[in-house]
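In: sequence and predicted structure below; questions after.
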Amino acid sequence: MNKNTFQEKIWSDKFGKEYVARNMLNITSENELYKKNYGITRMKMDEEFIGKLNRSMKILEVGSNIGIQLVLLQKMGFENLYGIEINKDIVELAKLKTKNINIIYGSALDIPFKDNYFDLVFTSGVLIHISPLHIQKVMKEIYRCSKKYIFGFEYYADKYTNIEYRGRKNMLWKTNFAKLYLNYFKDLVLQKEKRYKHLNSENIDTMFLLKKNSGKKK
């Protein structure tokens, strides 16, 4: 695995651990935070988008951090849950904080699983931290590993916008990530998309579900 991008080096070191220290959430506090920010819990969002999917399907989160999103899916009844995380210390912490969830060390630029290994691959606040120089590669890896669905929750903007993040440049971007996927992969079909405006600001986030259509050309 080539861990050679600026963003990977930052997140795999002290900066990544500091993020965890600031955001040590559990299911209850995560749902409360979403309720405060959007007026709806994260679990209700997930139920609306993937609540009807088979609970035995194999799911991968790319950039899983300590695994809170996977724990939420587990609470919903999903059984075969995996995660990859770029920070080795956070991987070990995630193993302590989760049960029957497979979280391993890995990069979004080189996902350590075979083609079509998962029924669904998702990100939550991860694509926003990928440089536009590398976003297509990351999306290709997510697409490659997914047999059927791609699911995401990310910051939204009509066009690529670079935002300073905790005093650092080139660490956070927002754009229309669902549209990017559709532009890169012609066999993807948008199943559902919803934009959530922050209650206390003008910021908008987007949740989207894409599905592979084998009848279309890639």
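Out: Okay, I see it. Just so it is clear, the structure is predicted and the values come from calculations on it, not from any experiment.

In: and the worst-scoring helix or strand of the chain on mean pLDDT, what does it pack onto?
Out: Lowest by mean pLDDT, DSSP states H and E among the helices and strands of the chain is helix 14-22, with a mean of 81. Packed against helix 14-22, as judged by 3 or more Cβ pairs under 8 Å, 6 or more residues apart in numbering; DSSP states H and E, are the following elements: helix 88-97. Any C-beta I mention is one placed from the backbone N, CA and C, and that applies to glycine too.

In: name the SS class of the closest residue to residue 54 other than its chain neighbours, please.
Out: Once flanking residues are discounted, residue 54 sits nearest to residue 119: 7.7 Å by Cβ to Cβ, 6 or more residues apart in numbering. Here residue 119 is recorded as strand under DSSP: H, G, I helix; E, B strand; the rest coil.

In: ok, now residue 171?
Out: Look at residue 171: counting by three-state DSSP, its state is coil.

In: let me see the contact set for it.
Out: The contact partners of residue 171, by Cβ atoms under 8 Å, 6 or more residues apart in numbering, come to 7, 10, 129, 164, 165.

In: let me know the next secondary structure element after the least confident helix or strand of the chain.
Out: Once helix 14-22 ends, the next helix or strand along the chain (criterion: DSSP states H and E) is helix 27-38.

In: and that following helix, what's its mean pLDDT?
Out: Across helix 27-38, the average pLDDT comes to 95.

In: report the buried residues of it.
Out: Neighbour-count burial for helix 27-38, counted by 16 or more other Cβ atoms under 10 Å, picks out 30, 31, 34, 37, 38.

In: ditto for stretch 4-11
Out: 5, 7, 8, 10, 11.

In: residue 44 is in what secondary structure piece?
Out: Counting by DSSP H and E, the element that carries residue 44 is helix 42-50.

In: and for that helix, what are the contacting residues?
Out: 27, 30-31, 34, 38, 69, 72-73, 75-76, 120, 149, 151, 153, 192, 194, 196, 207, 209.
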